[in-house]
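A.B. asks: Turn this into a structure:
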Amino acid sequence: MKKILIVDDEEVIRDGLTYLIDWESYGFIIQDTAKNGAEGLEKIIELKPDIVITDIRMPQKDGFNMIEEANARGFSFYSIILSGYSEFEYAKKAIKLGFMSYLLKPIDEDELIEILKKINIEEQKKISSNRQNQLMNKIFGDDDQGLPEFLMINLFRFEKKLPNQVFKKLENLNLTIVSLKHYQHTYLVVLNKEEDSHPLDLDPFLSLPMEIISSGWVDCHQNLSVLYSELNYLARMIFLFPDQFISPNQLEKIKT
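C.D. replies: Numbering: from 1, shown residues only. Next up, the predicted model:
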């Protein structure tokens, strides 16, 4: 759950926002509230919220000064500005210069939900980008540490673009899917958190009329560069499986 701090000098706004929507159903939780910018800054430092919803004009310290000071101290969070109609142009100008969203008072439930959805999308993009960079370094770079948050990993290399229906089928599984580009090839990383000695069999999803190479399922808690080495080895066996799916299991079947 992403944590939210509400900062507003009006108690009715603080209380109203707390119960306006079902926050948890969108992946959020109200962490705390503050009645002015000075108190809000203290709570940002103490609680490190993911999102700060704040009024513009408040006693002791306004919302913008609070956010600027928190950012200057190294605290990073999404900020949603609350403004009245008289402050609307001021709010729009501030948003153009920075990273803030705004809500006009009285707060519209649907508008708030849309902002939360956008934040979730941005977070997913960040997670995806970070995961891509992490896997590039672990599989093709010099990071020899595994992925402790997952149990098993399967790396695929393919020559052609996969049909959308393949990704749709994979989305229905309890797996994390990451696409990578390295030199002339595209790679699909499939990560599994399940504590199962026999992870999900992906062969039915990848039995397509094209060259596809798979490392097979291996433990995530090791140096993942072995996956790249395994695929390079398997690539030398492609002549045995023209336009087919090849993995260590296929080679074992041939040997027996």
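
A.B. asks: mean confidence for stretch 236-246?
C.D. replies: For stretch 236-246, mean pLDDT rounds to 75.

A.B. asks: can you list contacts of stretch 134-150?
C.D. replies: 153, 155, 176, 178, 180, 182, 187, 189, 191-193, 219-225, 227-228 (C-beta atoms under 8 Å, 6 or more residues apart in numbering). C-beta: built from backbone N, CA, C; applies to glycine.

A.B. asks: show me where pLDDT drops low in the stretch 151-256 of the chain?
C.D. replies: Flagging of the stretch 151-256 of the chain using pLDDT under 70 yields the residue ranges 195-200, 203-206, 241, 249-256.

A.B. asks: Could you rerun that using 50?
C.D. replies: 254-256 (pLDDT under 50).

A.B. asks: And what about Ile127, helix, strand or coil?
C.D. replies: helix (DSSP: H, G, I helix; E, B strand; the rest coil).

A.B. asks: That one and Ile121: what is the separation?
C.D. replies: 11 Å (C-beta to C-beta, to the nearest Å).

A.B. asks: coming back round to it: and the contacts of stretch 134-150, which of them are buried?
C.D. replies: 153, 155, 176, 178, 180, 187, 189, 191-192, 220, 224-225, 227-228 (16 or more other C-beta atoms under 10 Å).

A.B. asks: Out of these, which is nearest to Ala72?
C.D. replies: Val178 (34.6 Å; C-beta to C-beta).

A.B. asks: quick one: contacts for the closest residue to the closest one other than its chain neighbours?
C.D. replies: Spatial nearest neighbour of Val178, excluding adjacent residues (C-beta to C-beta, 6 or more residues apart in numbering): Val189 at 4.3 Å. Going by C-beta under 8 Å, 6+ apart, Val189 touches Leu135, Ile139, Ile153, Asn154, Leu155, Phe156, Ile177, Val178, Ser179, Leu180.
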